[in-house]
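**Q** Quick one, structure for this:
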Amino acid sequence: MPDCRCQGDGYMDCLDITYDKYGRMAYHPEFHSNHGKPLNETDIEYLCKYWEIDGAKTMSFALGKTEHTLSCKINQLRKQGLFEYYKTLNKYW
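**A** Numbering: from 1, shown residues only. All right, here's what the predicted structure looks like:
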């Protein structure tokens, strides 16, 4: 954990967080603990079920993946025709 005796409004000011040109947070180990790990069926069902409700930023924090990774996964599932399948699976969520 970084030393947070720095100036500013709080803990978030002490973290070296960067954003891409679309305003999405770049990978940061404090927030993206599942980086590099595959999404399991539970994660995919949760992602599809709540994507349109919570949005990319909230889902990123919930699943420990970057917004970009989750957006790509959603696009991939839609192209494969699996988004609605997982959204209505009701196996875990």
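
**Q** Run a quick neighbour tally on residue 42.
**A** Neighbourhood size, residue 42 [other Cβ atoms under 10 Å]: 12. For the C-beta atoms, the positions are set from N, CA and C on the backbone; glycine is no exception.

**Q** could you point out which element follows the helix or strand hosting residue 74?
**A** Using DSSP states H and E, residue 74 maps to helix 67-79. Later in the chain than helix 67-79, the nearest helix or strand by DSSP H and E is helix 83-87.

**Q** What are the contacting residues of that following helix?
**A** By Cβ atoms under 8 Å, 6 or more residues apart in numbering, the list of residues contacting helix 83-87 from outside reads 44, 45, 47, 48, 49, 74, 77.

**Q** One more pass at 7 Å, please.
**A** 44, 45, 48, 49, 74, 77 (Cβ atoms under 7 Å, 6 or more residues apart in numbering).

**Q** what's the distance between that helix and the middle of its chain?
**A** Distance of helix 83-87 from its chain centroid, counting by Cα atoms, centre = their mean, to the nearest Å, is 18 Å.

**Q** Can you tell me how far the spatially most central residue of the chain is from residue 54?
**A** Centroid-nearest residue in the chain, with Cα atoms, centre = their mean: residue 60, separated by 1.7 Å. Going from residue 60 to residue 54 by Cβ to Cβ, to the nearest Å gives 10 Å.

**Q** Just the helices from this protein, written as ranges.
**A** Here the chain has its helices, by DSSP state H, at 11-14, 41-63, 67-79, 83-87.

**Q** what about the ones you listed, which gets the closest to residue 22?
**A** helix 67-79 (8.4 Å; Cβ to Cβ).

**Q** Check which helices and strands that closest one sits against.
**A** Helices and strands touching helix 67-79, by 3 or more Cβ pairs under 7 Å, 6 or more residues apart in numbering; DSSP states H and E, are helix 41-63, helix 83-87.

**Q** Quick one: mean pLDDT for it?
**A** Mean pLDDT, helix 67-79: 98.

**Q** before we move on, what about stretch 28-37?
**A** Averaged over stretch 28-37, pLDDT sits at 95.

**Q** And that stretch, end to end?
**A** Separation of the first and last residues of stretch 28-37 by Cα to Cα, to the nearest Å is 15 Å.

**Q** Nice, that's everything, thank you.
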